[in-house]
Every structure is written in C-alpha cells, then in structure tokens.
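1. I'd like to go over a predicted model; first the sequence, then the structure.
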Amino acid sequence: MSAEYDVIVIGAGPVGENVADRAVQGGLTVALVESELVGGECSYWACMPSKALLRSGEAVRAAERLDGAKQAVSGSVDVAAVLRRRDSFTSRWDDSGQVEWVAGAGIELVRGHGVISGEREVTVRTAESGATADAPEAGTVLRARHAVVVATGSAALLPDIDGLAEASPWTNREATSTEVIPPRLAIVGGGVIASELATAFASLGSQVTVLARSGLLSGQEPFAGELVGDALRELGVDLRLDTSPASVERGDDGVVRITTDGGDTVEADEILVATGRVPRTSDLGLDSVGLEPGAWLDTDDTLLVLGADGSPLPGEWLYAVGDANHRALLTHQGKYQARAAGDAIAARANGTRLRDEPWGRHAATADHAAVPQVTFTDPPIASVGLTAAAAEKQGLSTRVVDFELGDIAGASLHADGYRGTARMVVDEDRGVLVGVTFAGPDVHELVHSATVAIVGEVPLERLWHAVPSYPTISEIWLRLLESYGRSNDRLA
Ligand SMILES: Cc1cc2nc3c(=O)[nH]c(=O)nc-3n(C[C@H](O)[C@H](O)[C@H](O)COP(=O)(O)OP(=O)(O)OC[C@H]3O[C@@H](n4cnc5c(N)ncnc54)[C@H](O)[C@@H]3O)c2cc1C
Ligand SMILES: NC(=O)c1ccc[n+]([C@@H]2O[C@H](COP(=O)([O-])OP(=O)(O)OC[C@H]3O[C@@H](n4cnc5c(N)ncnc54)[C@H](O)[C@@H]3O)[C@@H](O)[C@H]2O)c1
C-alpha cells in the first residue's frame, strides 16, 4: 500500500504536531506518523506530569514561607491528590484529545513506526503489516512531494555502569507515571531532570539521594546550582556531589544497592537515571540516505538536515526539528523551530520568498542567541542566553552584574526571608544584554522580559526607560541597571 503527500512528518510530539500544522496552514497536505502517543514525551512523561508532581509541594512551601499564611497550612502534601492531578494532565495516557486536534487541523495521522526508506520516502511499520527492522518493505510506503521532517525526539541515556541495566532502573518515563512513591529513591545525575525530580519526590515523601558526577545544574550560572542544592538539603535530600555509581545491584529482596566510585554504599527502593538524552534516530533508516543511524541530526537554520559534507542533502528535502537535532532540548524551542521549518517548507514548495536571513521568519536564529529555560526546582531558575562563563568562552567583552533579589521591596513582600540572585551579562562592545539568570522563588514569569530584551537587542540606554512597577519583583531590572550604570559611562 502506498500514498503521496506534500510533507511527511515522523513523530507527533509537540514539535512534530506544530511543523505539520504550519505546513497545512501553508496550503500543503501532511501525513503525521506516530508510533506511540500523539503528544509525545512532553505531554505524557516529561514536561506536563513532572510539573504537576512539583506544583503542589511548591504551593505549600510558598504559604509556609509567609507569616499569616503559614498558620493556615496544616499537614503535608496530599500524595493521592497530587497523583490524581498528574493523571488529569496526562489524560491518563490517552491521546484521543490530541488526535482530535490533529484531525481538526487537517493533518492525516498515520499510526506506526516510520522509517526513511529512500529519498522523500517513508515506510510505516505496524504490528499488523508484519514489517520488521530486517524486512521493513512490508509496511505502508508514503511518498513526499516536497519534504520529510524528522521530529522523533529523544530518550533517556543509560550510562554504562556495572549492573545498572539489570537493576530495572527508572527513567523519566517510570518516574513521571508512577503510582507509588518509593520510600527511598536514588537519582543518578545532577542536571535539570535530576534536580526537578529530586524536588518532586522529596516533596511527595521519598527519602531521596542524588549522585551527581559534578555539581548541580552545571550548565547554568554557579549560584543556581548552589541555591538549588541548599533547597534540596532543606527538603532532606542526601546530596552526593562529585560522585558516580561504580556498580549497581538489585537484590532478591528488591532493594537496589549502589556502590559509589568513592566506595560508599547507598540503598534505595528505586534508582532513577537522569544523565542526559540520546536521539531517537537509531531505527529510522538514516543509513538509506547516507546519514549515521543513532546520531543527532545537524541542521542549518531553516532546519534542513546537513550531510557529512556540511551541506543539505541533494534536493533539500530532509528536515529535523525538536530534540532530534540537539539544538535545544526544550519543548518551546522545538516548537519555534517547527514554526520556522513548517513555513520554510511551504515557502520552498510554493515558490514564495524564503526569509532565511538571521532573524528572518524562516530561520531559527534564537537557538544561537536567546534560548530561555525555566528549571522548576523550588526555588526555580529562569535563564536566557549566555552564562557569564559561556560569554567569556565566546570571546565577548562582557561585564557581569549581580544583585540579591531579597533586597528588592517586591521580593521581600512576596515571601518572608526571600533568598535569590539575579545576574545580567552585558556585551560591552554592543551595549546590549547577552544573558540573564534569575534564581529565587516565583521568578518563572520574569524570564520573558529578559528574552525580549535580548532578542530585541535593546540598548541598555533604552532599557533604562522600561520602568518596572513598584513593588514587584520586576524592580530587579532597575537595581541591575543602577548597579551597572553607577560605574559605567553608558548609564552614568
Ligand atoms: C522529565 C522531563 C521534563 C521536561 N520538562 C520540560 C519542561 O518543563 N519544559 C521544556 O521546555 N522541556 C522539558 N523537557 C524536554 C521536552 O520534553 C522535550 O524537549 C520535548 O518533548 C521535545 O519534543 P519533540 O516533539 O522533539 O520530541 P518528543 O516529545 O520526544 O516526541 C517525539 C515523538 O516521536 C515519536 N517517534 C519517535 N520515533 C518514531 C518513529 N520512528 N516513527 C514514529 N514515531 C516516532 C515518539 O513516540 C514521540 O511521540 C523535559 C524532558 C524530560 C525528560
Ligand atoms: N524545565 C525544563 O526545561 C526541563 C526539565 C527537564 C529536562 N529538560 C531538558 O532535558 C534535557 C536532559 O536533562 P538531563 O538532566 O537528563 O541532562 P543534563 O545533561 O542536563 O544533565 C545530566 C547530568 O548527569 C550527570 N551525569 C552524567 N553521567 C553521570 C554518571 N555516570 N554519574 C553521575 N552523574 C552523571 C552530569 O554530570 C549532569 O549533571 C536537558 O538538557 C533539558 O534541556 C528541561
């Protein structure tokens, strides 16, 4: 069986859904191929359930930090209610709502595992078709008139640790969909997933031990990891930094015993691996078009896949968006790429003008300059652009300004004993911001102001005229600019 469409998208996560939608809006016909649930990792095992597991504990602690409110808080988080709320956000792992959206958007959903079987050709394997990795030809063949888009996302990386694979470790999937809060949970890793899920499970009553090879959140400003580390310790988490498991064993009693590289032993009921991601490109037929199976897919800024010679494949037909291209492993950034790619495919197909210059409609320029991220720890870390260290590494002439958030009137009103730090990194040659980090309670929503300033390349002289309201935490902007200006001609 075969069928022809203008565009075939492999993977119906948030990013695949968006690229398909944009291509349809550009007047093209689109088949969207999905092997599991429409909505992808983000909806069912990542962003949504993890935030649902975190939010109730955060709300309770926010009240506990505030005199007058803390007296109203009795008891602890209701675990069963939190799990019910998580279940409602994942629609109990039922994708019919998203399937309905796909149909309403005019996209043709094809269930099954998509494999690139040649130029502009995808073979979809289903259990019924009898196709296998060795005999993929038994599947349904889809042909694309214009483009094939890889939006297959990423999966948890399982590090090569003696005994780990045999110990039935949890990945983000088991952790975010669990019905049981393990009394003792060991988490391997010190990045965003480890920090968020340590916060969530400690709030839900687990005794959590974190084994992190380096510090916490090491890709972010150093004060972020320090603040989150202190908060995790206050939640009772046993933080073992500069530590990795040397071996892991699950005994007949079900208990996981971890021997660390320092020779210590940690016992736990479950072990969660949060040590990074691998692309879901190993069984995707990449070798059929000269690409390396299992690798992240490099792209240009219109998201066209680049071959080994650094140029798009002949005929410019293969795109990669979202986690699969490793530009930024974040839903919002993948969806931004999807808008650029979907519109670029339509422009190329319709022969209309391609705006692929930096910051043009069809170029994902922000991936290089202004990627925002909120780490939903308690307190959260909200950052965009470059850290001070990354800016220095790029050879920029920078000035770094820090200010304690607790010294802002709005912050001290917001929570008693408010503790947090903000940093802005200024490119001194251009007089604009290249990076901003806020670390403190309820800073999540502040980050978009910084994103606008960076993307708009707003000169600091002009930013000075963006007056934050009193008494809000946004007054951090005034304090950062005052601190910068007092010893700098630009704002003197
Ligand atoms: C625990 C956790 C928490 C996170 N929290 C956040 C957050 O708060 N905010 C944020 O921005 N990001 C967060 N992320 C990252 C976010 O989940 C990813 O960046 C996002 O899911 C990427 O979207 P995607 O569409 O590229 O891939 P995915 O969401 O992984 O979707 C890919 C889809 O492709 C399908 N697929 C794969 N291969 C094939 C094939 N061959 N044929 C057919 N279908 C296929 C898969 O079944 C899946 O449905 C989190 C990640 C984790 C693990
Ligand atoms: N709120 C959000 O935006 C959010 C939430 C979760 C995940 N994500 C995305 O998911 C991606 C993956 O997150 P992640 O936390 O898995 O990866 P990561 O790359 O951020 O962190 C991996 C961590 O594991 C540690 N590590 C690696 N091997 C180890 C070992 N053998 N022993 C001990 N520690 C080890 C590393 O030192 C590092 O701290 C992130 O890049 C992020 O973009 C985003």
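-> Great, that's in hand. Computed from a predicted structure; not experimentally measured. Ligands and ions are numbered 1, 2, ... in the order given.

2. drop to CA atoms for contacts and neighbour counts, all remaining ones
-> OK.

3. residues of the stretch 251-400 of the chain that sit close to ligand 2?
-> Contacts of the stretch 251-400 of the chain with ligand 2, taken as C-alpha under 6 Å from any ligand atom, map to 274-277, 329-330, 373-376.

4. for the stretch 101-250 of the chain, what are the low-confidence residue spans?
-> Along the stretch 101-250 of the chain, the parts satisfying pLDDT under 70 run over 130-137.

5. which among the residues of the stretch 251-400 of the chain next to ligand 2 count as buried?
-> 274-276, 329-330, 373-376 (16 or more other C-alpha atoms under 10 Å).

6. in strands only, show me these.
-> Judged by DSSP state E, the subset of those located in strands is 373-375.

7. any idea which of the residues you listed is closest to Glu249?
-> Comparing these against Glu249 with C-alpha to C-alpha places Thr375 closest, at 31.1 Å.

8. how close does the closest one sit to Asp242?
-> 21 Å (C-alpha to C-alpha, to the nearest Å).

9. and if you look at Ser129?
-> Ser129 is 49 Å from Asp242, by C-alpha to C-alpha.

10. quick revisit: reformat the ones in strands among the buried ones among the residues of the stretch 251-400 of the chain next to ligand 2 as JSON lines; add pLDDT.
-> Output for those, formatted as JSON lines (pLDDT from 0 to 100):
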{"residue": "Gln373", "pLDDT": "98"}
{"residue": "Val374", "pLDDT": "98"}
{"residue": "Thr375", "pLDDT": "98"}
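
11. what about Val102, which helix or strand?
-> Using DSSP states H and E, the element containing Val102 is helix 96-104.

12. list the helices and strands that helix packs on?
-> strand 108-111 (3 or more C-alpha pairs under 8 Å, 6 or more residues apart in numbering; DSSP states H and E).

13. is any residue of the strand it packs on near ligand 1?
-> No. For strand 108-111 and ligand 1, the contact criterion (C-alpha under 6 Å from any ligand atom) is not met; the two come no nearer than 7.5 Å.

14. that strand pairs with which strands, parallel or anti?
-> According to DSSP bridges, strand 108-111 forms sheet pairs with strand 30-34 (parallel).

15. what about the closest residue to Arg125 other than its chain neighbours, neighbour count?
-> Distance criterion C-alpha to C-alpha, 6 or more residues apart in numbering; nearest residue to Arg125, sequence neighbours excluded, is Gly139 at 4.6 Å. Gly139 has 24 neighbours, counted by other C-alpha atoms under 10 Å.

16. how about the one 5 residues further on?
-> Neighbourhood size, Ala144 [other C-alpha under 10 Å]: 21.

17. please identify the buried residues of the helix or strand where it lies?
-> Taking DSSP H and E as the definition, Ala144 sits inside strand 140-150. Using 16+ other C-alpha under 10 Å as the test for burial, strand 140-150 gives 140-150.

18. what segments of the stretch 151-300 of the chain are strands?
-> 154-156, 184-188, 207-211, 238-240, 245-250, 256-260, 265-268, 270-273, 277-279 (DSSP state E, counting those that start in this stretch).

19. pull the residues that contact the longest one.
-> Strand 245-250 is contacted from outside by 161-164, 166-167, 188, 211, 256-261, using C-alpha atoms under 8 Å, 6 or more residues apart in numbering.

20. just want the angle from that strand to strand 184-188.
-> If you take axes from the mean of the first three to the mean of the last three C-alpha atoms, to 10 degrees, strand 245-250 sits at 140 degrees to strand 184-188.

21. distance from strand 245-250 to the middle of the chain?
-> Taking C-alpha atoms, centre = their mean, to the nearest Å, one finds strand 245-250 lying 28 Å from the centre of the chain it belongs to.

22. using CSV, write down the CA coordinates of it.
-> Output in CSV follows, covering the C-alpha atoms of strand 245-250 (Å, rounded to 0.1, in the frame of the first residue of the first chain):
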residue,chain,number,x,y,z
PRO,A,245,27.8,4.9,40.9
ALA,A,246,30.6,2.4,40.2
SER,A,247,28.2,-0.6,40.4
VAL,A,248,24.5,-1.3,41.0
GLU,A,249,22.7,-4.4,42.1
ARG,A,250,19.1,-5.2,42.8
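
23. that one vs strand 256-260, what angle?
-> Going by the same axes, to 10 degrees, strand 245-250 is angled at 170 degrees with respect to strand 256-260.

24. returning to that earlier point: and the buried residues of strand 140-150 near ligand 1, which?
-> Counting by C-alpha under 6 Å from any ligand atom, no member of these is near ligand 1.

25. show me the two of these that sit farthest apart.
-> Thr140 and His146 (18.6 Å).

26. distance of Ala344 from Asn350?
-> 10 Å.

27. pick out whichever of the two has more residues nearby.
-> More neighbours surround Ala344 than the other of Ala344 and Asn350, with 26 against 12 (other C-alpha under 10 Å).

28. quick check: closest non-adjacent residue to that one.
-> His362 (5.2 Å).

29. contacting residues for that neighbour?
-> 301-302, 339-341, 343-344, 354-356.

30. just the residues you listed: which are in helices?
-> The helices, defined by DSSP state H, take in 339-341, 343-344 from those.

31. which of these are buried?
-> Those of the ones in helices among the contacts of His362 that meet the buried threshold are 339-341, 343-344, by 16+ other C-alpha under 10 Å.

32. I'd like to know which of the contacts of strand 245-250 are buried.
-> Buried among the contacts of strand 245-250 by 16+ other C-alpha under 10 Å: 164, 167, 188, 211, 256-260.

33. which positions in the chain make contact with ligand 1?
-> 10-16, 33-42, 46-47, 50, 112-115, 151-154, 172, 193, 280, 284, 322-324, 329-332, 334.

34. could you flag which of those residues are buried?
-> 10-16, 33-35, 37-42, 46-47, 50, 112-115, 151-154, 172, 193, 280, 284, 322-324, 329-332, 334.

35. pLDDT score for the most centrally placed residue in the chain?
-> Taking C-alpha atoms, centre = their mean as the criterion, Leu330 is the residue nearest the geometric centre of the chain, at 2.9 Å. What the model reports as pLDDT for Leu330 is 98.

36. tell me who's in contact with it.
-> 322-323, 373.

37. and it, how far is that from Leu32?
-> Distance from Leu330 to Leu32, by C-alpha to C-alpha: 21 Å.

38. tell me which residues touch the residue nearest to Arg111 when sequence neighbours are not counted, please.
-> Closest residue to Arg111 apart from its sequence neighbours, by C-alpha to C-alpha, 6+ apart: Glu34 at 5.1 Å. Applying C-alpha under 8 Å, 6+ apart to Glu34 gives the contacts 10-12, 109-114.

39. what lies in contact with stretch 45-52?
-> Applying C-alpha under 8 Å, 6+ apart, the external contacts of stretch 45-52 come out as 41-43, 82, 85-87, 89-90, 172-174, 176-177, 196-197, 200, 376.
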